[in-house]
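# please work out how this folds:
(2 chains)
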Amino acid sequence: MRLSTAFIPTLKENPSDAVITSHILLVRSGMVRMLSAGIYSYLPLGYKVMKKIAEIIREEMDAIGGQEFHLPALNPKEIWEATNRVEAFGDTLFHIKNRDYVLAPTHEEIMTFHAKGVLKSYKDLPQIWYQIQTKFRNEARPRSGVIRGRQFLMKDAYSFDSTNEGLDASYELHDKAYRKIFDRCGLKYFVVGASSGAMGGSKSEEFMVKSDAGEDYVAYCSNCGYAANAEVSTSTIGSVERNEISKEIFEISTPNVKSIDELCKFLNIDESETAKSRIYIHNNNPILVLMNGNDEVNETKLQTILGGEVRPAHPDELEEITGAEAGSIGPINFNHRIIADLRLKTGNNLYSGANKNDFHLGGIDLQRDVPQLEYFDLRLVASGEPCPKCSKSIEVFKAIELGHIFKLGTKYSVSLGALFLDENGKDNPIIMGSYGIGLDRVLACYIEQNNDENGIIWKKPLNPFDVHLIGLNMKKDEVVNACEKLFTELNTNNIEVLYDDRNNVQAGFKFSDADLLGMPLQIIVGERGLKENQVEVKIRATGERINVKLDELIKKVKNLLERN
RNA sequence: CGGGGUGUGGCGCAGUCCGGUAGCGCGCUUCGUUCGGGACGAAGAAGUCGUAGGUUCAAAUCCUAUCACCCCGACCA
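Model (predicted):
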């Protein structure tokens, strides 16, 4: 492809609304443009990469017996009501105004609809159906460019089995296929145990990429390989020590002391001697959650333990409920339900808020002073604490979810009546699994992991082109002639070439564009080299430059691309 | 949905406090000189100052409303 006529609008400056690296580079390299918040157009160069990602996914899905569908994004609302997911998705579901349609955010319902009455016998099972299709979700707050959009491209797959063993096998197939897909895309990722959330089902795992732009937290142990979403990771850190003598409760004036850190400094005590209070509203009733020191509440665990509706209390509610502001709340004289983290079970001589602004209490013995207290594992795991599997230290970091695989069970087949006859002639709901990959995220994560200060660094097989051919001074006939010849030669050798044939652009500009676009190899053709019958090959990833004789170029390029 | 911020030519921004009819850099067009790391000179094109209403002799600037986008939080199959 000739750059002079291609639509690859590169930008010299960072777009003002982009913050994370992948977003900045996607826009600067002319791969995407924003149409509206969370809605992006893929330009030719970006779409070329998306097609390559899709092709890898297709190959691996087909390899496990997957069959590709193309389902409508426009769905009758009725079918979503049958599974109660109009309510479950709430505002995230896009509704069509002038007809009872919704824009599909995922396709369990529609796939199950097609399975119903067609997969009638255990002999018809198992099946793996998939599609690569645009999904619509009315995200409250789209962010990070293409990583969290209102419209995005997703590969979604569904398995249909007659037995739980069959589901296990289908799930395993997807697990292996996903590893192959992400390996082939050149991504560094983790597979973590996850919460099934509103999807329902018994087991689920996420494929995660470590990134500061991520919205999930992953607990990872480099010693034994343990990895889990922090939402579900168990905390195994030890309980606080119990002193031999429990002091009596005493009140201390602590003016302007709001945080645990300030309290520790003020009283010259250790974090472990303090109990932090967080107030939540559970089904319209206040509940105090007591944590040790600076431990954070794991709200997923809290939600699971309490059930119903749980949310943090607003600041104005705090004063109404406790009589004090956020920094001075505590369990003593608190007249609603209190639960505490397991770590505090043995605690005595603890410091906590007095439910009176600018006062704290010391000498609290939870067993003595709050006898009705219930203890649960409520703690959000943190870096440095012992791994639940091998007791070595774990690391907690932010991550982006690339893919998620679920054992769904029979939730959708039951509510939509997708039944099959077993060997005994008895009706049974089909046992399902569902498996997703965000293609936009694969693209963005690749760039997050492969860039430098000059731009993107592409490697096979996702690279849009293999080589970037740069003609330095296109006013010189010998340069033009040499470039044209190489362009033809490379193309006939099935090497994908982006050819910078612009004759009105300075050399420096071309170099910068080439580094920004980031093809694995740059072939630089200039007068200087041509005198020696040679061109320069630059390896984008390392910056290494090699002078190559013209008649050895194709061989050398093939060779370097193999190695890449 | 709560908090904060920003909307001025294609892109990045100044001007807004203190009202006087719009400017800078990049890009774009034409001509010339340059030509291996984002060139130089000359001439030019391009902006309802997000939108609507109001105040005023006069509004990018002040007031009111509204929309869009970004960041933090809430939410997140």
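
# A:Gly347 touches A:Val240, doesn't it?
Yes. Counting by C-beta atoms under 8 Å, A:Gly347 touches A:Val240, with 4.8 Å between them. Just so you know, the C-beta spots here come from the backbone N, C-alpha and C atoms, and that holds for glycine as well.

# separation between A:Val32 and RNA strand B?
12 Å (C-beta to the nearest atom of the strand, to the nearest Å).

# what is the burial count for that residue?
Number of residues near A:Val32 (other C-beta atoms under 10 Å) recorded here: 23.

# got the phi/psi numbers for it?
Here is the backbone geometry of A:Val32 (degrees, to the nearest 10): phi -140, psi 160.

# that one pairs with what?
Listed by DSSP bridges, the beta-bridge partners for A:Val32 are A:Tyr42.

# and it, what does it touch?
For A:Val32, the contacting residues are A:26, A:40-43, A:46, A:145-146, by C-beta atoms under 8 Å, 6 or more residues apart in numbering.

# the strands in the stretch 301-450 of chain A, which residues?
Chain-ordered strands for the stretch 301-450 of chain A, with DSSP state E, counting those that start in this stretch as the definition, fall at A:310-312, A:337-341, A:350-353, A:359-364, A:374-376, A:395-409, A:419-421, A:427-429, A:431-438.

# any common contacting residues for A:Gly347 and A:Val240?
With contacts taken as C-beta under 8 Å, 6+ apart, the residues that reach both A:Gly347 and A:Val240 are A:Asn292.

# and the closest residue to RNA strand B within the stretch 351-500 of chain A, what is it in contact with?
Across the stretch 351-500 of chain A, the shortest distance to RNA strand B (C-beta to the nearest atom of the strand) belongs to A:Asn473, at 3.4 Å. The contact partners of A:Asn473, by C-beta under 8 Å, 6+ apart, come to A:479, A:507, A:526-527.

# out of these, who's nearest RNA strand B?
Comparing every one of those with RNA strand B (C-beta to the nearest atom of the strand), the shortest separation belongs to A:Gly526, at 2.4 Å.

# returning to what we had before: the residue of the stretch 351-500 of chain A closest to RNA strand B and A:Thr488, how far apart?
A:Asn473 is 20 Å from A:Thr488, where distance means C-beta to C-beta, to the nearest Å.

# get me the contact residues on the stretch 351-500 of chain A for RNA strand B.
Taking C-beta under 7 Å from any atom of the strand as the test, the list of the stretch 351-500 of chain A residues beside RNA strand B reads A:436, A:454, A:472-473, A:475.

# which of those residues count as buried?
Neighbour counting by 16 or more other C-beta atoms under 10 Å classes A:436, A:472 among those as buried.

# and the residues of the stretch 351-500 of chain A next to RNA strand B, which two are furthest apart?
Farthest apart among those by C-beta to C-beta are A:Gly436 and A:Lys475. That separation is 52.2 Å.

# any chance of the residues of the stretch 351-500 of chain A next to RNA strand B in JSON lines, plus secondary structure?
Putting those into JSON lines (DSSP: H, G, I helix; E, B strand; the rest coil) gives the following:
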{"residue": "A:Gly436", "secondary structure": "strand"}
{"residue": "A:Asn454", "secondary structure": "coil"}
{"residue": "A:Leu472", "secondary structure": "coil"}
{"residue": "A:Asn473", "secondary structure": "coil"}
{"residue": "A:Lys475", "secondary structure": "coil"}
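
# want to throw the residues of the stretch 351-500 of chain A next to RNA strand B into CSV with pLDDT?
What follows is those, written out as CSV (pLDDT from 0 to 100):
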residue, pLDDT
A:Gly436, 96
A:Asn454, 95
A:Leu472, 94
A:Asn473, 93
A:Lys475, 92
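
# between the residues of the stretch 351-500 of chain A next to RNA strand B, which sits nearest A:Ile64?
Looking across those and measuring by C-beta to C-beta, the closest to A:Ile64 is A:Gly436, at 15.2 Å.

# for the closest one, give me its contacts.
A:Gly436 makes contacts with A:106, A:154-157, A:403-405, as judged by C-beta under 8 Å, 6+ apart.

# quick one: it from A:Phe207, how far?
Per C-beta to C-beta, A:Gly436 is found 10 Å from A:Phe207.

# for A:Lys97, same thing?
In this structure, A:Lys97 and A:Phe207 are 36 Å apart, going by C-beta to C-beta.

# what about those two, which has more around it?
Ranked by neighbour count (other C-beta under 10 Å), A:Lys97 and A:Phe207 place A:Phe207 first, with 27 against 5.

# just to revisit the earlier point, by mean pLDDT, show me the worst of the strands of the stretch 301-450 of chain A.
Within those, confidence is poorest for strand A:310-312, with a mean of 79 (mean pLDDT).

# ok, that strand: who's next to it in the sheet?
Partner strands for strand A:310-312, per DSSP bridges, with pairing direction: strand A:275-282 (antiparallel).

# would you mark the buried spots in the strand it pairs with?
Buried, per 16+ other C-beta under 10 Å, within strand A:275-282: A:275-282.

# let me know the closest of these to A:Leu419.
Using C-beta to C-beta, A:His282 comes nearest to A:Leu419 of the buried residues of strand A:275-282, at 38.4 Å.

# I'd say the closest one and A:Ile305 touch.
No. Under the contact definition of C-beta under 8 Å, A:His282 does not touch A:Ile305, with a separation of 10.0 Å.

# hey, what's in contact with both of A:Gly436 and A:Phe207?
With contacts taken as C-beta under 8 Å, 6+ apart, A:Gly436 and A:Phe207 have A:403-405 as neighbours in common.

# local confidence estimate at A:Lys265?
At A:Lys265 the predicted local distance difference test score is 86.

# now it, what's its secondary structure?
Here A:Lys265 takes the helix state, with states given by three-state DSSP.

# of the contacts of A:Val32, just the buried ones, ChimeraX syntax please.
Burial among the contacts of A:Val32 is assessed by 16+ other C-beta under 10 Å; the matching ChimeraX selection reads:
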select /A:26,40,42,43,46,145,146
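
# now the contacts of A:Val32 in a markdown table, with distance to RNA strand B and pLDDT?
A markdown table is the format used below for the contacts of A:Val32 (distance: C-beta to the nearest atom of the strand, whole Å; pLDDT from 0 to 100):
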| residue | distance to RNA strand B | pLDDT |
| --- | --- | --- |
| A:Leu26 | 13 | 96 |
| A:Tyr40 | 9 | 94 |
| A:Ser41 | 13 | 94 |
| A:Tyr42 | 16 | 95 |
| A:Leu43 | 13 | 96 |
| A:Gly46 | 17 | 97 |
| A:Gly145 | 7 | 93 |
| A:Val146 | 10 | 94 |
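
# farthest-apart pair in the contacts of A:Val32, please.
Comparing all pairs in the contacts of A:Val32 by C-beta to C-beta, the longest separation belongs to A:Leu43 and A:Gly145, at 13.8 Å.
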